[in-house]
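Colleague: what follows is a predicted structure for the sequence shown.
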Amino acid sequence: MEARVVFMGTPDFAVPILESLIHSPYHVVAVYSQPDKPAGRRQRLTPPPVKELAIKHKIPVIQPKTFKSAEVAGELANFKPELIVVAAFGHILPKEVLSLPKFGCLNVHPSLLPQHRGPSPVANTLLCGELLTGVTIMLMDEGLDSGSILAQKKVGISSVDTTGSLTAKLAHVGAELLMEILPKWIGGELEPKPQDESQATYSKLITSKDGEIDWHLPAVELWQRVRAFNPWPSCYTWWQGKRLKIHKATLLNKPAKGEIGKVVALPEPPQVGVVTGEGILGLCQVQLEGKREISIADFVRGQRNFIGSILGLDQG
């Protein structure tokens with residue numbers, strides 16, 4: 001059964017989900033996305049990935065700053081949507097929007113709800129050191145990711161997964177799951193199941209300051225942070241008054257010897273580690289302020305005084 005669909009989403013996570021809808025029997029009549037934002041060193045106004053895909057397929061794109069105005073809700077009603085699909089949109093939808101489509105508003109959320117509700121579910125999953133995550137498709141209500149569940153699919157987390165790699169995995173799983181359940185939902189074959197509120201956890205909004213490393217923390221927690229904050233905001237420390245980003249690290253089963261924050265040579269790969277509050281964090285890929293990302297081996301070859309130095313000092 002065909003249905004008129006309005007899609008709402010903004011970042012890369014939403015792209016495979018919109019793509020699957022575009023190539024399905026459903027008719028995507030409009031795409032809603034966040035306004036263009038400055039990006040890069042030159043801060044050029046850049047359209048979100050979802051907008052670029054919609055334009056490529058000649059689908060009308062609307063970029064409201066808010067959904068609180070009657071004008072925005074009225075414009076949406078003019079598209080006569082029978083279903084609204086939401087994926088990482090970034091706006092809270094008011095009651096009049098939620099009640100507009102015949103088949104409701106479905107949200108594709110990258111966690112196993114009710115765990116990790118809120119704005120940063122993938123990063124939060126990695127910060128918690130979990131080995132399993134997944135995608136939930138829910139019927140939206142006025143709460144924060146609190147709607148009844150239509151379907152879930154579990155996804156394993158590998159030791160090298162970052163927020164970037166895991167988000168990409170979950171996006172494709174979410175797109176497949178949506179295509180699998182839509183005919184059943186529209187055909188009246190699915191019964192939404194309420195979430196267990198007693199099991200709910202919430203992720204917080206991540207800021208650029210969250211990336212700064214406190215070497216007093218255990219190595220396992222810092223390793224989780226390096227993965228969780230890749231690609232953004234990136235974990236960083238300070239060396240010789242300059243910001244040093246740590247893009248990739250590894251957890252080493254070695255006792256920490258020396259001053260906290262001290263860079264030490266290691267007998268096995270990755271050859272360089274940092275003493276933490278508990279254990280040693282191995283450094284793999286780094287990027288000094290104003291330079292490109294390189295392997296730790298290349299960095300040490302060019303910076304002979306790095307081994308033995310103390311990180312986190314000279315913040316300037």
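Modeller: Nice, thanks for sending it over. Residues are numbered from 1 along each chain as shown.

Colleague: partner strands of the helix or strand bottoming out on mean pLDDT in the chain, parallel or antiparallel?
Modeller: Here the helix or strand of the chain ranked lowest by mean pLDDT, DSSP states H and E is strand 37-39, holding a mean of 85. Strand pairing for strand 37-39, determined by DSSP bridges: strand 44-46 (antiparallel).

Colleague: after the partner strand, which helix or strand is next?
Modeller: Going down the chain from strand 44-46, the next helix or strand is helix 49-56, by DSSP states H and E.

Colleague: what number of residues lie near residue 273?
Modeller: Look at residue 273: counted by other C-beta atoms under 10 Å, it has 23 neighbours. The way it works is simple: take the backbone N, C-alpha and C, and place the C-beta from them, glycine included.

Colleague: shouldn't it be in contact with residue 279?
Modeller: No - applying C-beta atoms under 8 Å as the test, residue 273 and residue 279 come out as separate, 9.1 Å apart.

Colleague: rewinding a little: which outside residues touch the least confident helix or strand of the chain?
Modeller: Outside of strand 37-39, the residues within contact range by C-beta atoms under 8 Å, 6 or more residues apart in numbering are 44-46, 48.

Colleague: try stretch 46-65
Modeller: 7, 9-12, 14-15, 18-19, 22, 28-40, 72, 75-76, 91.

Colleague: output it as PDB, nothing but the C-alphas.
Modeller: C-alpha atoms of stretch 46-65 as PDB (Å, rounded to 0.1, in the frame of the first residue of the first chain):
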ATOM      1  CA  THR A  46      26.500  24.200   4.500                       C
ATOM      2  CA  PRO A  47      23.300  22.300   3.900                       C
ATOM      3  CA  PRO A  48      22.700  19.200   6.100                       C
ATOM      4  CA  PRO A  49      23.200  15.800   4.400                       C
ATOM      5  CA  VAL A  50      19.500  15.000   4.300                       C
ATOM      6  CA  LYS A  51      18.800  18.200   2.400                       C
ATOM      7  CA  GLU A  52      21.400  17.400  -0.200                       C
ATOM      8  CA  LEU A  53      19.800  14.000  -0.800                       C
ATOM      9  CA  ALA A  54      16.300  15.500  -1.100                       C
ATOM     10  CA  ILE A  55      17.500  18.100  -3.600                       C
ATOM     11  CA  LYS A  56      19.200  15.400  -5.700                       C
ATOM     12  CA  HIS A  57      15.800  13.600  -5.900                       C
ATOM     13  CA  LYS A  58      13.900  16.900  -6.500                       C
ATOM     14  CA  ILE A  59      11.900  16.600  -3.300                       C
ATOM     15  CA  PRO A  60      10.700  19.800  -1.600                       C
ATOM     16  CA  VAL A  61      12.800  20.800   1.400                       C
ATOM     17  CA  ILE A  62      11.500  22.800   4.300                       C
ATOM     18  CA  GLN A  63      13.900  24.000   7.000                       C
ATOM     19  CA  PRO A  64      11.900  25.600   9.900                       C
ATOM     20  CA  LYS A  65      13.700  27.100  12.900                       C
END
